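> got a structure for you, letters missing:
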């Protein structure tokens, strides 16, 4: 089914990912790579919802739900991380079912605003309830329990854990996009009226997308909680949601897998390498979003297409100029 | 002893939007295998009747009966599941997909293997998928679009786009097909092609209700015609009966007084 080029391409990427820790020796860069993996998972969850035509700003909220759930499972209930990891994805999924029964009945702007409100409420909930550690957050979240000889004391085991979770996530999403579920989602995004006429239950398929997307964000949250080992409510607000949105837009909205990968990598590395202070970062990302929407709505991955259309644009300009001259004559 | 039951029936169906009475007290039946024409001047309520039948909004009162079952007020996707499909008035396609992908999208209800199997790409699901793709080609062949199957829907000429809309509706395997102005904006050749296609669909055993402005085509195509004016049914009968019906002529050409004025 897959052609040889794709197989070789995938094999190369896997080999590079496997030996990356040998090449990247700085723990700081390793940290950025792990954060990129987590961010890619959030970007993927945003793009999955986009594939049904819904724009969500709540990726950060479900990330937070997963992170807090996982931390509490381990700290209060003494569960192993390996149990808490899938459980926290399940908690995010259940939260999505409860919230989704209300908000996925809407679409378009109405849906987006509800996710925005949700992303503003979540930090308040985390900050004001005692169980979540209040505004100080949760500190001293334990690292994952050792897996046989593998202990999670250094960056490298976390790197492999993050990569494995990310690849699983990509595999599942890719299989979904190529199944009839993915086709129904695409039909809903392209033309909701026609999709209904084809017998697709819009609400059911939107809710399903919301659930899966939230579960993947929750999984990323659990990983993050035990990697970073502290949580504070402010991280899971609307700003994170908008940031995640930029990952996908920067990479290319129509590339559900590669778009978030490229966008997250750039958005994680560039501000860090430029050593921008945290206060200025929102200005940069906001400016970037405006720039993208105006000049590069298809994202970086659409650049190839854009480049090949440049000669055409020039030709059109010339023609209009000539027509303009004609008017004066 | 009982009469043959109609396939589809609309009983005293009424719809008002606020104070506006869009459709009032309309009745008609469709027999299996029939082509029924639904005509009337602009604003007569034809499209509203279609929206009521296909579940885009519920009627204010009255009943819609399909295969002896009351389906009034069911959701649009449920109605499709029952076997009533619709081709829209405006060209409504997945413009950015190819012709065959458009038709394949119509197979959503066709799959019997669970979504899980499709997700895991099991042999049974793959088999079903291939079967669906085969049927897509068959539909395109039958409707005369197989030459353009790999083109993007947005690049097709208007006539082909309209036919593609009907192909998608057919892909849901309907018993009753609603065609909303299938001939609009077509030049004479395209019109002939579409009429040929509609007759072929009927020969396959699909019952058709047709809303259309091209009266000539309706007269040639339909077995029976229902005429609406200002939301009410004013006539029903064979094409030649409708042609000479006084009220129908008045509805289309205005009353005698108007004629004198002109």
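Okay, I see it. This structure is a prediction, so every number in the text was calculated from the model and none was measured. Residues are numbered from 1 along each chain as shown, chains lettered A, B, ... in the order given.

> drop to CA atoms for contacts and neighbour counts, all remaining ones
OK.

> and the residue in the stretch 201-329 of chain A that chain B sits nearest to, how many residues sit next to it?
Scanning the stretch 201-329 of chain A for proximity to chain B using Cα to the nearest Cα identifies residue A:201 as nearest, at 5.9 Å. Residue A:201 has 18 neighbours, counted by other Cα atoms under 10 Å in any protein chain shown.

> Name the nearest residue to the residue of chain A found nearest chain B, ignoring sequence neighbours.
Among the residues of chain A, residue A:199 lies nearest to chain B; the distance is 3.9 Å by Cα to the nearest Cα. Leaving aside its chain neighbours, residue A:199 sits nearest to residue B:77 (3.9 Å; criterion: Cα to Cα, 6 or more residues apart in numbering or on different chains).

> ok, the one you found - contacts?
Taking Cα atoms under 8 Å, 6 or more residues apart in numbering or on different chains, we find residue B:77 in contact with A:196-201, B:55.

> so how many other residues sit close to the closest residue to residue A:261 other than its chain neighbours?
Closest residue in space to residue A:261, ignoring its immediate chain neighbours: residue A:40 at 5.3 Å, by Cα to Cα, 6+ apart. For residue A:40, the neighbour count with other Cα under 10 Å is 30.

> Got the confidence number for the closest residue to residue A:135 other than its chain neighbours?
Leaving aside its chain neighbours, residue A:135 sits nearest to residue A:127 (4.3 Å; criterion: Cα to Cα, 6+ apart). Looking at residue A:127, its pLDDT reads 93.

> What of residue A:317?
In this model, residue A:317 is scored at 54, pLDDT.

> Closest to the centroid, which residue in the chain?
Defaulting to chain A. Closest residue to the average C-alpha location of chain A: residue A:43 at 1.6 Å, with Cα atoms, centre = their mean.

> try again with chain B
The centre of chain B sits closest to residue B:178, judged by Cα atoms, centre = their mean, with a distance of 1.4 Å.

> in a strand, that's where that residue is, yeah?
Yes: counting by DSSP: H, G, I helix; E, B strand; the rest coil, residue B:178 is found in a strand.

> can you tell me which residues contact it?
B:50, B:84-87, B:208-210.

> Residues of chain B that sit close to chain A?
Chain B has residues B:76-81, B:85-86, B:92-95, B:105-109, B:115, B:118-121, B:169, B:172 near chain A, with proximity defined as Cα under 8 Å from any Cα of the partner chain.

> now with 6 Å?
Contacts of chain B with chain A, taken as Cα under 6 Å from any Cα of the partner chain, map to B:77, B:80-81, B:94, B:106, B:118-119.

> returning to what we had before: on the three-state scheme, the residue of chain A closest to chain B is what?
Classification of residue A:199 using three-state DSSP returns coil.

> For it, give me the pLDDT.
What the model reports as pLDDT for residue A:199 is 92.

> so it touches residue B:80, yeah?
Yes: between residue A:199 and residue B:80 there is a contact under Cα atoms under 6 Å: 5.2 Å.

> circling back to that earlier point, tell me if the residue nearest to residue A:261 really is in a strand.
No: using three-state DSSP, the assignment for residue A:40 is helix, not a strand.

> just to revisit the earlier point, just the buried residues from the contacts of residue B:77, in ChimeraX please.
What follows is the ChimeraX syntax for the buried subset of the contacts of residue B:77, where burial is set by 16 or more other Cα atoms under 10 Å in any protein chain shown:
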select /A:196,197,198,199,200,201 /B:55
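
> In ChimeraX, how would I select the buried members of the contacts of residue B:178?
Of the contacts of residue B:178, the buried ones go into a single ChimeraX selection, burial set by 16+ other Cα under 10 Å:
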select /B:50,84,85,86,87,208,209,210
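
> from the contacts of residue B:178, which two are the most distant?
Farthest-apart pair in the contacts of residue B:178 is B:84 and B:210; separation 13.0 Å (Cα to Cα).

> what does stretch A:299-308 contact?
Stretch A:299-308 is contacted from outside by A:249-252, using Cα atoms under 6 Å, 6 or more residues apart in numbering or on different chains.

> all helices in the stretch 51-200 of chain B, in order from the N-terminus.
With helices called from DSSP state H, counting those that start in this stretch, the stretch 51-200 of chain B shows them at B:76-82, B:99-105, B:115-120, B:123-143, B:158-171, B:188-203.

> now swap in the stretch 151-300 of chain A and tell me
With DSSP H, counting those that start in this stretch, the ranges of helices along the stretch 151-300 of chain A come out as A:155-177, A:180-190, A:192-197, A:202-228, A:238-251, A:258-273, A:281-295.

> Kindly reformat those helices as TSV containing distance to residue A:12.
Below are these laid out as TSV (distance: least, Cα to Cα, whole Å):
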stretch	distance to residue A:12
helix A:155-177	14
helix A:180-190	27
helix A:192-197	39
helix A:202-228	25
helix A:238-251	21
helix A:258-273	16
helix A:281-295	31
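
> Out of these, flag the one nearest residue B:249.
helix A:192-197 (34.7 Å).

> sorry, back to before: now the residue of the stretch 201-329 of chain A closest to chain B. Nearest residue, chain neighbours left out?
In space, residue A:201 is closest to residue B:77, 5.9 Å off (Cα to Cα, 6+ apart).

> That neighbour and residue B:53, how far apart?
Using Cα to Cα, to the nearest Å, we find residue B:77 at a distance of 12 Å from residue B:53.

> if we can go back for a sec, right, and the residue nearest to residue A:261 touches residue A:265 too?
No: applying Cα under 6 Å as the test, residue A:40 and residue A:265 come out as separate, 7.6 Å apart.

> and residue B:113, how many residues sit next to it?
For residue B:113, the neighbour count with other Cα under 10 Å is 15.

> For it, give me the pLDDT.
77.

> thinking again about what came up before, for the helices of the stretch 51-200 of chain B, which one sits closest to residue B:12?
Comparing the helices of the stretch 51-200 of chain B against residue B:12 with Cα to Cα, the closest turns out to be helix B:76-82 (19.3 Å).

> Run the chain-centre distance for the closest one.
Averaging C-alpha positions (Cα atoms, centre = their mean, to the nearest Å) puts helix B:76-82 14 Å from its chain's average.

> before we move on, what about stretch A:34-52?
The answer for stretch A:34-52 is 2 Å, by Cα atoms, centre = their mean.

> Quick one: mean pLDDT for it?
On average, the pLDDT along stretch A:34-52 is 95.

> Kindly report the same for stretch B:129-139.
Averaged over stretch B:129-139, pLDDT sits at 91.
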